[in-house]
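> I'll drop the sequence and a predicted model, then ask my questions.
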Amino acid sequence: MKILIKNARIVNENKIVENDLLIENDLIKKIGQNIDAADADRVIDAAGKYLLPGVIDDQVHFREPGLTHKGDIESESRAAVAGGVTSFIEQPNTVPNAVTQDLLEDKYQIAAQKSFANYSFMMGGTNDNLEEVLKTNPRNVAGIKLFLGSSTGNMLVDNPETLESIFSKTKMLIAVHCEDEATIRKNTEMYREQYGDDIPMEYHHLIRSEAACYISSSKAVELAEKTGARLHVFHVSTAKETSLFRNDMPLSEKKITAEVCVHHLTFTNKDYETKGTLIKWNPAVKTRADRQGLWDALLDDRIDVIATDHAPHTLEEKQNVYTKAPSGGPLVQHSMPVMLENFRSGKISIEKIVEKMCHNPAILFRIEKRGFIREGYKADLVLVDDQSEWTVAKDNLLYKCGWSPLEGMKLHSKVTHTFVNGNLAYENGEVKTEKFGERLLFEV
């Protein structure tokens, strides 16, 4: 199959160039001016539209196996391709937790049948599975995930000797959720004494506080520096934490890196008044000053990657009282359109968005032949119309959970086409029925 995209504004490697692009089978065959349409099976006129590499979301929770009433690989990957996300890295806190090689491989087998997007799954570390962790194949698994805070029950890794062993012995990237458990427990009890289980949401960012985040992330960075481990700190949420990261070397040379999520760039604690538990995340959405600090660090390259931490729950679950309402929300369908609103307002360039959402995840995880628009690379591509106004509403959501914290938000950029491995997976509001996702491979 040959598809020719004509007259696109191609955003790639810090440039915007109007060009044609020819897809042949699963690869980008040719980029250039006036490519002959004669032997193409299909021609798409992209005049006025941006052509971007497919988004690589390095942190999602698609809830399969074991939690499929909230979401599953099929439903959430469908939402992903509709939002221009062509590859995802999914986390191990499913049921059962992906903490043995057999359980991890089970998830790959499910995705091979069900995923619309390209996929990888992280191996989960616990206090007592070091032997299994060290069996992980760096060629076809993205990395090791450690929870250093109680976001997920029995996956909390809090044994210092275990942590040091994992950091010392694995050559793979270690991704961490950093919140200090003792601080969170102490803060929770303080507010519970006053309010019982129905703690007002406005205190969430004071319970899962700046101190809880910084204590944990600074320890992780210190341990990585001591052991030489490759450390990636997920969902940085405070301005203070950004001081832990560097911008004086290329990303390919960094051993300690950081991610920020769309919700921490979008909301502040003031939004708890109207959004309530719909924007209850761990780590918490914090203050306006924190949000600004995250933006500053993103723009000056102390923060390397933008992701979603997409984590659906049912509306019924979210409507529980504070201590029983789970943290997390669905975002993967809207991450690129939301970031393009920030481009529209002048907060960030479209080239920088592509760097942080497409190029950098590929560099950081060493993903083979993806994340860039280059001849010979996999044709994971997204066409975007930045002059198309629409509103996030229940009737245009593809999440299995059926709600979004962004409902009512007006957006001005719309994904019109998504290509996964050279196949048109999404076109003008319709996800194709065929699934084209492949297992991601990593350079070792």
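All right, it came through fine.
> Show the residue spans covered by the strands in the stretch 1-150 of the chain.
With DSSP state E, counting those that start in this stretch applied, the stretch 1-150 of the chain shows strands at 2-12, 15-24, 27-32, 42-45, 50-53, 55-60, 85-90, 118-121, 123-124, 144-147, listed in chain order.
> Could you point out which of the ones you listed sits nearest N247?
strand 55-60 (18.9 Å; CB to CB). Quick note: C-beta positions are derived from backbone N, CA and C, even for glycine.
> what does that closest one contact?
Residues outside strand 55-60 that contact it (CB atoms under 8 Å, 6 or more residues apart in numbering): 76, 80, 83-91, 142, 175, 232, 234-235, 259, 261, 305, 307-311, 332, 335-336, 357-358, 361-362, 364-365, 367, 370-371, 382.
> so where's this protein uncertain?
150-153 (pLDDT under 70).
> would you list every one of the helices in it?
73-82, 101-114, 130-133, 160-169, 181-195, 204-207, 210-227, 262-266, 272-275, 288-299, 315-318, 335-344, 350-354, 360-365 (DSSP state H).
> right, so of the ones you listed, which gets closest to H412?
helix 335-344 (5.7 Å).
> List the buried residues for the closest one?
Neighbour counts over helix 335-344 (16 or more other CB atoms under 10 Å) mark S335, M336, P337, V338, M339, L340, E341, N342, F343 as buried.
> gap between the fourth one and T126?
Translated: V338. Distance, V338 to T126, using CB to CB, to the nearest Å: 34 Å.
> now swap in the last one and tell me
According to CB to CB, F343 and T126 sit 41 Å apart.
> same check, this time on I23
Distance from I23 to T126, by CB to CB: 43 Å.
> more neighbours, these two?
Neighbours were counted for I23 and for T126 using other CB atoms under 10 Å; I23 has more, 26 against 20.
> What's opposite that one in the beta bridge?
For I23, the beta-bridge partners are I3, I28 (DSSP bridges).
> re the thing from before, for the helices of the chain, which one ends up most surrounded?
Of these, the one with the most neighbours on average (mean count of other CB atoms under 10 Å) is helix 73-82, at a mean of 27.
> M123 is in contact with T136, correct?
Yes: using CB atoms under 8 Å, T136 is in contact with M123, at 4.5 Å.
> related to what we said a few turns ago, arrange the strands of the stretch 1-150 of the chain in CSV, one row each, with distance to H204 as further columns.
Shown next, in CSV, are these (distance: least, CB to CB, whole Å):
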stretch, distance to H204
strand 2-12, 36
strand 15-24, 40
strand 27-32, 44
strand 42-45, 45
strand 50-53, 34
strand 55-60, 20
strand 85-90, 25
strand 118-121, 29
strand 123-124, 25
strand 144-147, 18
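> Nearest approach to A112 belongs to which of those strands?
That would be strand 118-121 among these, by CB to CB, at 8.4 Å.
> That closest one - contacts with which helices or strands?
strand 85-90, helix 101-114 (3 or more CB pairs under 8 Å, 6 or more residues apart in numbering; DSSP states H and E).
> from the chain's centre, how far out does that strand sit?
Put simply, strand 118-121 sits 12 Å off its chain's centre (CA atoms, centre = their mean, to the nearest Å).
> same question, stretch 222-236
18 Å.
> V321: neighbour count?
Neighbours of V321 using other CB under 10 Å come to 12.
> what's the answer for G228, then?
G228 has 11 nearby residues by other CB under 10 Å.
> right, and it touches I174 too?
No: the pair G228 / I174 is not scored as a contact, 11.4 Å apart, by CB under 8 Å.
> on that earlier part again, and the helices of the chain: which comes nearest G32?
Closest approach to G32 among these (CB to CB): helix 350-354, 19.9 Å.
> Just the residues contacting the closest one, thanks.
Under CB under 8 Å, 6+ apart, the answer for helix 350-354 is 11-12, 14-16, 50, 52-53, 299, 306, 336, 339-340, 342-343.
> ok, the residues you listed vs V157, which is closest?
Closest to V157, out of all of the contacts of helix 350-354 and judged by CB to CB, is I306, at 25.6 Å.
> hey, what's in contact with both of T136 and M123?
Here T136 and M123 have Q101, L104, I144 as joint contacts, going by CB under 8 Å, 6+ apart.
> Can you tell me which of these is closest to N187?
For the shared contacts of T136 and M123, the nearest to N187 is I144 (28.5 Å; CB to CB).
> quick one: contacts for that closest one?
With CB under 8 Å, 6+ apart, I144 has these contacts: M122, M123, G124, G125, V133, T136, I166, T170, M172, L173, I174, A175.
> Need the max-distance pair from these.
Top of the distance list for the contacts of I144 (CB to CB): G124 and L173, 13.9 Å.
> can you pull the contacts of K6?
Counting by CB under 8 Å, 6+ apart, K6 has contacts D20, I35, A37, V43, I44, D45, A46, A47.
> could you redo the last one with a cut-off of 7 Å?
Going by CB atoms under 7 Å, 6 or more residues apart in numbering, K6 touches D20, V43, I44, D45, A46.
> and if you look at G376?
The contact partners of G376, taken as CB under 7 Å, 6+ apart, are L27, I28.
> Quick check: it vs D309, distance?
Applying CB to CB, the value for G376 to D309 is 32 Å.
> swap in I353?
I353 is 18 Å from D309, where distance means CB to CB.
> what do you get for G276?
For G276, the distance to D309 - CB to CB - is 19 Å.
> who's more crowded, these two?
Neighbours per residue, other CB under 10 Å: of G276 and D309, the larger number sits with D309, 27 against 18.
> my guess is the more buried one meets S237, correct?
No: under the criterion of CB atoms under 7 Å, D309 makes no contact with S237, lying 10.3 Å away.
> Which residue, other than its chain neighbours, is closest to K347?
In this structure, K347 finds its nearest non-sequential neighbour in W295, 7.0 Å apart by CB to CB, 6 or more residues apart in numbering.
> Count residues in the vicinity of N118, would you?
Neighbours of N118 using other CB under 10 Å come to 28.
> go on, the one 10 residues further on?
Neighbourhood size, D128 [other CB under 10 Å]: 11.
> Span of stretch 79-96 from start to end?
24 Å (CA to CA, to the nearest Å).
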